[in-house]
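Enquirer: Build me a structure from this.
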Amino acid sequence: MFLLLFGVLIDAVAQRAEKGAFYRAMASGSLDEIDHELDVLKATSFNDKEGYEGAMLMRKAGLLKKAKEKLAVFKEGRIKLETALLNHSSSAELHFLRLSIEEHAPKVVKYRANIAEDKEIVLRSFKNLAPEVQHAIMEYSKTSKVLTEDEIKSAGHE
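Expert: Model prediction:
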């Protein structure tokens with residue numbers, strides 16, 4: 001029994017470390033960091049993995065040079081993230097990932113339809129998210145025009 005609990009604890013710690021690295025790569029804007037994190041994601045197994053891969057691919061698309069490649073990578077990521085949201089529609093973290101992509105997606109890809117819904121879910125669920133996810137959301141809100149620090153604080157989730 002102890003070994004089982006210890007194993008669960010080790011998995012939880014590893015997932016927290018992975019999430020921290022994931023959000024650092026998303027924020028970095030470095031193709032090398034994003035590619036490394038995509039490799040890590042492909043080698044791991046956890047809930048919502050497909051959504052994380054999708055968000056990371058869409059983030060990567062914005063950094064690529066060739067328009068055709070940008071669009072193909074963005075579409076691949078969108079399919080993965082939207083599939084994950086269909087399977088886990090109550091995941092506030094996936095809604096945050098989509099919100100962060102939607103806010104910065106070029107108008108040409110027409111990926112902005114769920115901004116208000118995603119924002120509402122993130123604000124409503126913020127206090128129940130893991131600390132590293134809360135930290136990522138607060139950092140994001142410092143530069144976001146859609147989700148601000150003041151909104152998070154006024155929703156009582158500081």
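
Enquirer: What's the separation between Val109 and Ala25?
Expert: From Val109 across to Ala25, the span is 21 Å (CB to CB, to the nearest Å). C-beta: built from backbone N, CA, C; applies to glycine.

Enquirer: and these two? which has more neighbours close in?
Expert: The neighbour comparison of Val109 against Ala25 (other CB atoms under 10 Å) goes to Ala25, with 22 against 16.

Enquirer: Run a quick neighbour tally on the nearest residue to Thr83 once chain neighbours are set aside.
Expert: Computed as CB to CB, 6 or more residues apart in numbering, the closest residue to Thr83 that is not its neighbour in sequence is Glu50, at 6.0 Å. Other residues lying near Glu50 total 19 when counted by other CB under 10 Å.

Enquirer: So for Glu50, what's the pLDDT?
Expert: pLDDT, the model's per-residue confidence, is 93 for Glu50.

Enquirer: now the one 10 residues further on
Expert: The confidence metric pLDDT takes the value 96 at Lys60.

Enquirer: That one: neighbour count?
Expert: 22.

Enquirer: need the contact list for it.
Expert: Residues in contact with Lys60, defined by CB atoms under 8 Å, 6 or more residues apart in numbering, are Leu31, Ile34, Asp35, Leu38, Val73, Gly77.

Enquirer: Enumerate every residue touching the spatially most central residue of the chain.
Expert: In the chain, the residue lying closest to the centroid (CA atoms, centre = their mean) is Leu97, at 3.2 Å. Leu97 sits next to Gly51, Tyr52, Gly54, Ala55, Leu81 when contact means CB under 8 Å, 6+ apart.

Enquirer: downstream neighbour of the helix or strand hosting it in the secondary structure list?
Expert: In this assignment (DSSP states H and E), Leu97 forms part of helix 92-104. The helix or strand immediately downstream of helix 92-104 is helix 115-125, counting by DSSP H and E.

Enquirer: What are the contacting residues of the strand or helix carrying Lys70?
Expert: Assigned by DSSP H and E, Lys70 belongs to helix 67-87. For helix 67-87, the external contacting residues (CB under 8 Å, 6+ apart) are 48, 50-62, 64, 91, 94-95, 97-98, 101, 105, 109, 111.
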